[in-house]
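Asks: pasting a predicted model and its sequence here:
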Amino acid sequence: MDAHRLRARLPTHHPTIVGIHAEEAAILFANRPAAVRAPNRRLEDLATVDGRLAAHLDGLAIAGPHGARAAIVAWEAAQESGEVAVLVATHLQASPDPATVSAFPESLADSERGPARQRAVVAACAWNNATLPGWINAALPSPIAERLRIGVLACLRVPNALHADDLAIAAPHPLARAIAAVGELGRLDLLERCRAFLTAEDDDLRFQAAWTMALRQGDAAACRALQGVATSRSRYASTAAQLVARRLPLDEVNTWIEELATSHPRIAIQVAGAAGDPGRLPWLLEQMSSPDLARVAGEAVSMISGCDLAYLDLDGDPESLDEEAERFDPIAAQADSQLPWPDRLKLSAWLRAQSFPASNRLLCGRPIDVAQCLQVLASGFQRQRGSAAIELAILQPATGLFNVAAPARAQLKALSALVQAQQTVN
């Protein structure tokens, strides 16, 4: 059944407010990934966004068939990721129907917009906690179905439903997703199957294999591969560099920082922040003299020391530096636009007044252990929370990677369970 026939079976009129629910939910779904990655958002901020999204989806659910029709009308009008997510979420809330989703498999396969739409389907499944919706395999062609199924498993952290056969998928993109899922789910039994892909021709396969093996094993070959990615033009460069910083011995990391400082200064700063060495704080203060590096250096200082630049009034708002940073590197300036400008003199004075714990590595001002990771997951900014999730996975290799992109209500539940488990251990 295609979308037009399905639409014909639904009521021909729906109140304007129902259409607004569909439009607003689509906007929130589309913008949510940016909120998840934002350096100035916390879990409580994500909960606010999710609360608004839940209210609009509830409005569609209460409207019954009018809500279902509004979701279809919105999807037909735009067919962007937000509209796809609303369509899937609405029908999962009502009664999952493979016939409904079969209306847009070609839309999901679009070479330019397909990946974003597929992520939207995963997000809608996660929102409804739909572990293995039958319509994924029933309504969608392979390999789209394979990618979506594995994506849902990883997003919901369902480790036992990932199979060894998932690492034998022929298509590179779903195979890369399966390799990443091994790392995200903590499937140590499947790690060695990932090793062969460290030399794969496909860039995604090579990166995901290296990331998975470095995260769960600290594998030397994987770390070397990630160092190569970090100095490339890959979209994974920052992710690769920061994982290496957390896995190599600190003396090796500091040597690498010195090597990167000339050719890849931005990556060098991110490595310093991820490594958490308080001895690097003076060097990071020096990097703030460059407008194109000041904000990312401020974030690195916060990652190590735990200072909130805006809250502690250690920031400034020099518009002239905004313009100068834009001339240096427009892409980096855009990426840093939500970061505060550090006031170098104020921040230097604040750091001199601190007494940090005796430790080689800190995360947000405290030595890296399970308790500190849980604290940062509860109260840190999103990028700090992502770092805490990685550190927790390194400390507990067989556990799933905490999903800082999950619906806020699911994160709060998972975090509560982790805190209770830690209290039991103590």
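Replies: Arrived safely.
Asks: now the element after the lowest-mean-pLDDT helix or strand in the chain, going C-ward?
Replies: None of the helices or strands of the chain scores lower by mean pLDDT, DSSP states H and E than helix 3-9, at a mean of 43. Following helix 3-9 in sequence order, the next helix or strand is helix 16-37 (DSSP states H and E).
Asks: so which elements touch that next one?
Replies: Other helices and strands packing on helix 16-37, by 3 or more CB pairs under 8 Å, 6 or more residues apart in numbering; DSSP states H and E, are helix 43-62, helix 65-78, helix 81-94, helix 114-127, helix 382-395. The C-beta positions use only the backbone N, C-alpha and C, and glycine is treated the same way.
Asks: for it, give the mean pLDDT please.
Replies: For helix 16-37, mean pLDDT rounds to 94.
Asks: contacting residues around that helix?
Replies: Contacts to helix 16-37, defined as CB atoms under 8 Å, 6 or more residues apart in numbering, come from residues 41, 45-46, 49-50, 52-53, 56-57, 59-60, 63, 66-67, 70-71, 73-74, 78, 80-83, 85-86, 89-90, 119-120, 123-124, 382-383, 404-405.
Asks: and the angle for it with helix 382-395?
Replies: If you take axes from the mean of the first three to the mean of the last three CA atoms, to 10 degrees, helix 16-37 sits at 60 degrees to helix 382-395.
Asks: thinking again about what came up before, output the helices and strands packed on helix 16-37 as CSV; include the columns mean neighbour count.
Replies: Shown next, in CSV, are these (neighbours: other CB atoms under 10 Å):
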stretch, mean neighbour count
helix 43-62, 17
helix 65-78, 22
helix 81-94, 26
helix 114-127, 22
helix 382-395, 21
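Asks: for stretch 331-347, list the C-alpha coordinates in PDB.
Replies: Extracted in PDB, the C-alpha atoms of stretch 331-347 (Å, rounded to 0.1, in the frame of the first residue of the first chain):
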ATOM      1  CA  ILE A 331      34.500  26.000   9.100                       C
ATOM      2  CA  ALA A 332      36.200  25.900  12.500                       C
ATOM      3  CA  ALA A 333      34.600  29.200  13.500                       C
ATOM      4  CA  GLN A 334      31.200  27.800  12.700                       C
ATOM      5  CA  ALA A 335      32.000  24.600  14.700                       C
ATOM      6  CA  ASP A 336      33.100  26.700  17.700                       C
ATOM      7  CA  SER A 337      30.300  29.300  17.500                       C
ATOM      8  CA  GLN A 338      28.500  27.800  20.600                       C
ATOM      9  CA  LEU A 339      31.600  27.800  22.700                       C
ATOM     10  CA  PRO A 340      32.400  30.800  24.900                       C
ATOM     11  CA  TRP A 341      35.400  33.000  24.300                       C
ATOM     12  CA  PRO A 342      37.800  32.500  27.200                       C
ATOM     13  CA  ASP A 343      39.200  35.500  29.000                       C
ATOM     14  CA  ARG A 344      42.800  34.400  29.100                       C
ATOM     15  CA  LEU A 345      43.900  36.600  32.000                       C
ATOM     16  CA  LYS A 346      40.900  35.700  34.200                       C
ATOM     17  CA  LEU A 347      41.200  32.000  33.400                       C
END
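Asks: buried residues, it. List them.
Replies: Of the residues in stretch 331-347, Ala332, Ala333, Ala335, Asp336, Leu339, Pro340, Trp341, Pro342, Asp343, Arg344, Leu347 count as buried by neighbour count, 16 or more other CB atoms under 10 Å.
Asks: who's in contact with the closest residue to the fourth one other than its chain neighbours?
Replies: Right, Asp336. Excluding the flanking residues, the one nearest Asp336 by CB to CB, 6 or more residues apart in numbering is Arg295, at 4.2 Å. Arg295 is in contact with Ala325, Asp336, Leu339, Pro340, Trp341, Pro342, counting by CB under 8 Å, 6+ apart.
Asks: now the strands: where do they sit in the chain?
Replies: 315-316, 341-342, 362-363, 366-367 (DSSP state E).
Asks: looking at the ones you listed, which is nearest to Glu299?
Replies: With respect to Glu299, and counting by CB to CB, the nearest of those is strand 341-342 at 8.7 Å.
Asks: just checking: what are the partner strands of that closest one?
Replies: Counting by DSSP bridges, the strands paired with strand 341-342 are strand 315-316 (antiparallel).
Asks: what lies in contact with the strand it pairs with?
Replies: Gly298, Leu309, Pro340, Trp341, Pro342, Asp343.
Asks: how many other residues sit next to the nearest residue to Gln217 once chain neighbours are set aside?
Replies: In space, and not counting its chain neighbours, Gln217 is closest to Leu191: 6.2 Å by CB to CB, 6+ apart. Residues lying near Leu191 (other CB atoms under 10 Å) number 20.
Asks: in this structure Leu191 contacts Met213, no?
Replies: Yes. With contact defined as CB atoms under 8 Å, Leu191 counts as touching Met213 (6.2 Å).
Asks: and which of the buried residues of stretch 331-347 is nearest to Pro172?
Replies: Closest approach to Pro172 among the buried residues of stretch 331-347 (CB to CB): Ala335, at 27.2 Å.
Asks: now the contacts of Arg295 in CSV, with pLDDT?
Replies: What follows is the contacts of Arg295, written out as CSV (pLDDT from 0 to 100):
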residue, pLDDT
Ala325, 63
Asp336, 82
Leu339, 92
Pro340, 92
Trp341, 92
Pro342, 95
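Asks: can you tell me which of the residues you listed is nearest Val425?
Replies: Comparing the contacts of Arg295 against Val425 with CB to CB places Leu339 closest, at 35.9 Å.
Asks: please report how far the closest residue to that closest one other than its chain neighbours lies from Leu248.
Replies: Leaving aside its sequence neighbours, Leu339 sits nearest to Arg295 (CB to CB, 6+ apart; 4.0 Å). Distance of Arg295 to Leu248, computed by CB to CB, to the nearest Å: 26 Å.
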